[in-house]
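# pasted the sequence and its predicted model underneath.
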2 protein chains.
Amino acid sequence: MPIQEIHKHHLQEIFHQIMTLLEKQEIVNALVRRQDMPRQNLVESLVARQHLVELEQKLKQLHPADIAYILENLPLLQRTMVWDLVEVERYGAVLLEVSDAVRETLIEDLERDELIDAAEHMDSDEIADLVPDLPKDMVLDLLTSLNNEDRAQVQEVLAFPEGTVGALMDFDIVTVREDIKLEVVLRYLRLRGELPEQTDQLFVVDRTGTLQGLLPLKDILIHDPEVEVNDVMIVEPIFFHTDEDARDVAQAFERYDLISAPVVNIHHRLVGCIGIDMVMDFVSEINQKERLGQAGLHEEEDLFAPIWKSAQNRWLWLALNLVTAFIASRVIGLFEETISMLVALASLMPIVASIGGNTGNQTAALIVRGLALKQINTTNFLHLLYKEVGISLLNGLLLGGVVGLFAYLLYQQQALALVMTAAMMLNLLLAALAGIFIPMGLHKLGRDPIMGSSVLLTFLTDSMGFFIFLGLASIFLR
Amino acid sequence: MPIQEIHKHHLQEIFHQIMTLLEKQEIVNALVRRQDMPRQNLVESLVARQHLVELEQKLKQLHPADIAYILENLPLLQRTMVWDLVEVERYGAVLLEVSDAVRETLIEDLERDELIDAAEHMDSDEIADLVPDLPKDMVLDLLTSLNNEDRAQVQEVLAFPEGTVGALMDFDIVTVREDIKLEVVLRYLRLRGELPEQTDQLFVVDRTGTLQGLLPLKDILIHDPEVEVNDVMIVEPIFFHTDEDARDVAQAFERYDLISAPVVNIHHRLVGCIGIDMVMDFVSEINQKERLGQAGLHEEEDLFAPIWKSAQNRWLWLALNLVTAFIASRVIGLFEETISMLVALASLMPIVASIGGNTGNQTAALIVRGLALKQINTTNFLHLLYKEVGISLLNGLLLGGVVGLFAYLLYQQQALALVMTAAMMLNLLLAALAGIFIPMGLHKLGRDPIMGSSVLLTFLTDSMGFFIFLGLASIFLR
């Protein structure tokens, strides 16, 4: 089946076929294990082998990313069976495609020799990607098995902190000098016979390896072979330093529609390149991480991880949540006397807290976006503050009016309705301020504002919502 | 200043320089308006002109995406001033880069003629991107100003619903026949003299325009010019149909590391191509939209939109939130008698609701991710259900135990502590089920599960949390 059909409609179908084969295989295995029908043994093992061969054939036709997809969706036992059938030379490619959580389960299954064989089919930057997930002794064996150049490159990549350009970059680049004719470049390329995947341009360097410019492949094609590289090259290219933040790089790729870009060291020497494929993977990984992190999942979770392990992944957040809930509960505790006199307060107080949390999160979402796009600065900050406070007062008046009316209709007490309206207005104002200052504060502290903003904000709007409402009630309603 | 420096460290600096120039300009304008110093008029208008020229110079050096960045960050009045200084031939490029909300404010400012001039510098797919934001009469004038081919293309793109490949695709592609030599391709390309931005491959078609294969530029370069296109072309390329979901395309680009891909109609005729730049823009737009939508913002919001307009953007969600809060409040209202007998219930009940909401959202985040990656199917669904229920029981026992202890320490009532623990366990179980079935239900209904899951889930865990806790209390604690 051609790949274009697989990726679209049939990947899920193939998944089912594989599941069916696996189920047959399990039945066969179970029969073989029972061994109470010795005569049939041969037949069964033949059938078993046939299933395995069929499975292996199917896997061979698949792109490593598709094998990764299938492995992600298999429970642990079946995952191991399929993983054993993947060809060793594709181990690396598959490992790079699966999520971190699943990668761990696959690596546990690898023999030392298999890993070293697999590494022979990988680039040094790819090996470096895997190293952090390998057991320490395996890493040593792996590094020893590499040639000097590759080992040096792997170690170079590992020296860069996660999230920097250096940790993402690719060493496999083609360079040319600026004082040669395109004719010579063409001959060189034909002689070379292949180019790294996704090459869209060559890198022009001088004798010392300093970046001089870029030569897009399309410019080689459209220009007269007699002109020199420096007549057609891009002389002021966008480049990145090894220690730059990969998020900034992603923004530049998106903003300037880049496909690949050179990476230089502090001496402006070309050391590698960064391609759109890596940028896209990086962006989608960050996005997943932030989405899960926002909901309080500590890290990516294998869908088939054991219950005990998955539960741990969720405790950090729940423990924090427990503390904030206890505090909010104690705030209410302060006013138990007031509540016992007017029990309506108990049913009305969650409204104030809940709407406060929601309006605050709206503001915070806009601020987080503004921070990510670097839109917020000292010049426009005051304007923003003014706008959000204005909205909160407007909404406070409006929503406060509605809930006040609601309270009046239910309990027929004018004073209660007024307290409700006033509490809503104050809590919405507080929520707007929290929605601005919490993400900005986290950002100033160098934290990702997406991650903690919501829990901090909800904590504040809950506790303060209860405090303001019950506090006003205890003053005015006794 | 070279572009590579601008995008990195100096964009914010340039923004400040522009703000300073704008402020000077405003002072000059104010003086000119006063006109009480007629002698100085000439001097002032000269100074004014000088500032404007300086500003115009600065803008000329900037990439359209950077101009867009600056416009996004300017309050409305200053935004209009800067927008007036942008060259007409760059209007289109800038309009395509700004967010929808800001685009609206810029288009309001455009004269009919300016728009038609701007369109002359745009591709038909780009014009089609703008059309939905233009006033109707302008659209007519604009379409009339185009030549027949362009108009047909614009109308073709407009016929595809948003979010499909057809609505994103680019018509500007280079095709070749399969039975010619690379030598001929090379000559053709040199004669052509230029290729569309970001071209990484040529499209091979037959006489009827049916897609036959792809010819990557790098393959033209490395192969002997004497071989024929069909000897080196990729014969089973990944392609897309015009009516495919752009999200699926984005996933395929990421999975198979594509840079561009052909788009065909139902007769397998090549109609255009889709490039990684469009895919990246699409992905980031969707991400922004989902993030803001999750927090209850109806659409993208101009940071400098008037308060009244911004407030409206938030009402739909807040109105929904008001209804859910009212219902939760009435659930509590059912038990006012119980609460008045034991006021401790009022301070403990938010703990049950809050932790339920958080555990439910953890589950929902994993399910939403699984649905987006198409990981959830009938084969593994039961496994998943079993796992999440298991985690919820484990966490229910654990967290329920902690809060039970907390309640006991505070109020010294064993029965109250047991009710608290039992309520937590039940609400966490409910939360796990809701975290699975709510996103899956929304997905089945063809809705984006990211958008509504959280509000529905929190509503359920709040109301049911109160109901379970207070219900158990009213049975066992009287």
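All right, it came through fine.
# tally of neighbours for A:Val131?
Counted with other Cβ atoms under 10 Å in any protein chain shown, the neighbours of A:Val131 add up to 16. For the C-beta atoms, the positions are set from N, CA and C on the backbone; glycine is no exception.
# same question, A:Asp137
Neighbour tally, A:Asp137, other Cβ under 10 Å: 9.
# how close does it sit to A:Asp113?
14 Å (Cβ to Cβ, to the nearest Å).
# for the residue of the stretch 151-300 of chain A found nearest chain B, what are its contacts?
Proximity to chain B, evaluated over the stretch 151-300 of chain A using Cβ to the nearest Cβ, is greatest for A:Ala295 at 3.4 Å. A:Ala295 sits next to B:361-362, B:364-365 when contact means Cβ atoms under 8 Å, 6 or more residues apart in numbering or on different chains.
# so which of these reach chain A?
B:361-362, B:364-365 (Cβ under 8 Å from any Cβ of the partner chain).
# A:Ala305 touches A:Asp100, doesn't it?
No: using Cβ atoms under 8 Å, A:Ala305 is not in contact with A:Asp100; the gap is 11.7 Å.
# compare the two (neighbour count), which wins?
A:Ala305 (20 against 14).
# element containing the residue lying closest to the more buried one once chain neighbours are set aside?
Leaving aside its chain neighbours, A:Ala305 sits nearest to A:Ala101 (6.6 Å; criterion: Cβ to Cβ, 6 or more residues apart in numbering or on different chains). Element membership for A:Ala101, per DSSP states H and E: helix A:100-108.
# check A:Ile220 too.
Assigned by DSSP H and E, A:Ile220 belongs to helix A:217-222.
# let's see that helix as PDB, backbone CA atoms only.
Provided in PDB are the C-alpha atoms of helix A:217-222 (Å, rounded to 0.1, in the frame of the first residue of the first chain):
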ATOM      1  CA  LEU A 217      19.200  25.300  -4.000                       C
ATOM      2  CA  LYS A 218      16.700  27.200  -6.200                       C
ATOM      3  CA  ASP A 219      19.200  29.900  -6.800                       C
ATOM      4  CA  ILE A 220      21.700  27.400  -8.100                       C
ATOM      5  CA  LEU A 221      19.100  26.200 -10.500                       C
ATOM      6  CA  ILE A 222      17.900  29.400 -11.900                       C
END
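# does it reach chain B?
Yes: residues of helix A:217-222 contacting chain B under Cβ under 8 Å from any Cβ: A:217-218, A:220-222.
# adding pLDDT and neighbour count, write these out as CSV.
Below are these laid out as CSV (pLDDT from 0 to 100; neighbours: other Cβ atoms under 10 Å in any protein chain shown):
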residue, pLDDT, neighbour count
A:Leu217, 94, 22
A:Lys218, 93, 21
A:Ile220, 94, 24
A:Leu221, 93, 21
A:Ile222, 93, 18
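# list the contacts of stretch A:402-409.
With Cβ under 8 Å, 6+ apart as the test, stretch A:402-409 has contacts from A:344, A:348, A:351-352, A:355, A:413-414, A:416-418, A:420-421, A:424, B:322, B:326.
# wait, is A:Leu202 part of a strand?
Yes: applying DSSP: H, G, I helix; E, B strand; the rest coil, one finds A:Leu202 inside a strand.
# would you mark the buried spots in the following helix or strand past the helix holding A:Ile220?
The helix or strand immediately downstream of helix A:217-222 is helix A:229-232, counting by DSSP H and E. Neighbour counts over helix A:229-232 (16 or more other Cβ atoms under 10 Å in any protein chain shown) mark A:229, A:232 as buried.
# who does helix A:229-232 touch, helix- and strand-wise?
On a contact count with 3 or more Cβ pairs under 8 Å, 6 or more residues apart in numbering or on different chains; DSSP states H and E, helix A:229-232 meets helix A:182-192, strand A:211-216.
# deepest in the core, which of these is it.
Comparing these by mean neighbour count (mean count of other Cβ atoms under 10 Å in any protein chain shown), strand A:211-216 ranks first with a mean of 22.
# what's the average pLDDT for it?
On average, the pLDDT along strand A:211-216 is 94.
# near chain B at all, it?
No: Strand A:211-216 stays clear of chain B (Cβ under 8 Å from any Cβ), getting no nearer than 8.9 Å.
# tell me the secondary structure at the closest residue to A:Asp123 other than its chain neighbours.
Among residues not flanking A:Asp123 along the chain, A:Asp172 sits closest, at 5.8 Å (Cβ to Cβ, 6+ apart). When classified by three-state DSSP, A:Asp172 comes out as coil.
# so how far does stretch A:289-307 reach from one end to the other?
Here the two ends of stretch A:289-307 are set 20 Å apart, with distance taken as Cα to Cα, to the nearest Å.
# mind listing what's buried in the helix or strand hosting A:Thr461?
Assigned by DSSP H and E, A:Thr461 belongs to helix A:449-476. Buried residues in helix A:449-476, counted by 16+ other Cβ under 10 Å: A:449-450, A:452-474.
# can you give me phi and psi for A:Arg90?
A:Arg90 adopts backbone torsions of phi -100, psi 0, taken as degrees, to the nearest 10.
# number of nearby residues for it?
Quick note: A:Arg90 (other Cβ under 10 Å) scores 17 neighbours.
# against chain B, how distant is it?
For A:Arg90, the distance to chain B (Cβ to the nearest Cβ, to the nearest Å) stands at 15 Å.
# can you count the residues close to the nearest residue to that residue once chain neighbours are set aside?
Nearest residue to A:Arg90, sequence neighbours excluded (Cβ to Cβ, 6+ apart): A:Pro64, at 5.7 Å. Neighbours of A:Pro64 under the rule other Cβ under 10 Å: 19.
# stretch A:458-468 and chain B, are they touching?
Yes: against chain B, stretch A:458-468 shows contacts by Cβ under 8 Å from any Cβ at A:462, A:466.
# so what touches that stretch?
The contact list for stretch A:458-468 (Cβ under 8 Å, 6+ apart) reads A:324, A:327-328, A:331-332, A:334-335, A:349, A:352-354, A:356-357, A:360-361, A:423, A:426-427, A:430-431, A:434, A:438, B:350, B:354.
# kindly recompute the last result at 6 Å.
A:324, A:327-328, A:331-332, A:349, A:352-353, A:356-357, A:360, A:423, A:426-427, A:430-431, A:434 (Cβ atoms under 6 Å, 6 or more residues apart in numbering or on different chains).
# fine by me, thanks again.
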